[in-house]
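1. Could you work out the structure for the sequence below:
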Amino acid sequence: MSLNRCEQRIFDYLQCHPEERQHWQGKFQSAAKFFSSEHQVVERLEPELWRYFEERSAVAEPFRSAARLEGLQRTSMKNLAELLLRLWTEPKPRRKSADSP
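-> Residues are numbered from 1 along each chain as shown. Reported below is the predicted structural model:
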């Protein structure tokens, strides 16, 4: 899965900051329990990941430098949300179709 620069920055940051990673793991795991589909989880958490990027841009490197150089133009966080959902949650069982045995 290919991440854009902003997504990769968040992913790398979470790898180096266990307390932040635990916070986001909890968010993804709670959302996965609450929503019936992966699509709904991604749709819910993608904007939160962008807000997190914006918030970190005011206080933490490497976000602050990136915001200064690149600006804070809204960027999709969908690929990151999909990746984190796959990494941090159990896959939901697929419903069997009427044709399968």
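
2. can we go C-alpha only for contacts and neighbour counts from here?
-> OK.

3. wait, isn't A67 in contact with S57?
-> Yes - at 6.1 Å, A67 counts as touching S57 under the criterion of Cα atoms under 8 Å.

4. For this structure, which element, helix or strand, carries the lowest mean pLDDT?
-> Least confident helix or strand, the chain: helix 63-70 with a mean of 94, by mean pLDDT, DSSP states H and E.

5. For the residue most central in space within the chain, give me its contacts.
-> In the chain, the C-alpha nearest the mean C-alpha coordinate belongs to A81, at 3.1 Å (Cα atoms, centre = their mean). Listed by Cα atoms under 8 Å, 6 or more residues apart in numbering, the contact set of A81 reads 42, 45-46, 49.

6. Which positions in the longest helix anywhere in the chain come out as buried?
-> Ranked by number of residues, the top helix in the chain under DSSP state H is helix 38-59. Of all the residues in helix 38-59, those buried under the rule 16 or more other Cα atoms under 10 Å are 38, 41-42, 45-47, 49-50, 53-54, 56-57.

7. now, the most widely separated pair of the residues you listed?
-> Within the buried residues of helix 38-59, E38 and S57 form the most distant pair, 28.0 Å apart (Cα to Cα).

8. Show me what the strand or helix carrying A31 is packed against.
-> Taking DSSP states H and E as the criterion, A31 maps to helix 18-34. Using 3 or more Cα pairs under 8 Å, 6 or more residues apart in numbering; DSSP states H and E, the elements in contact with helix 18-34 are helix 5-16, helix 38-59, helix 78-88.
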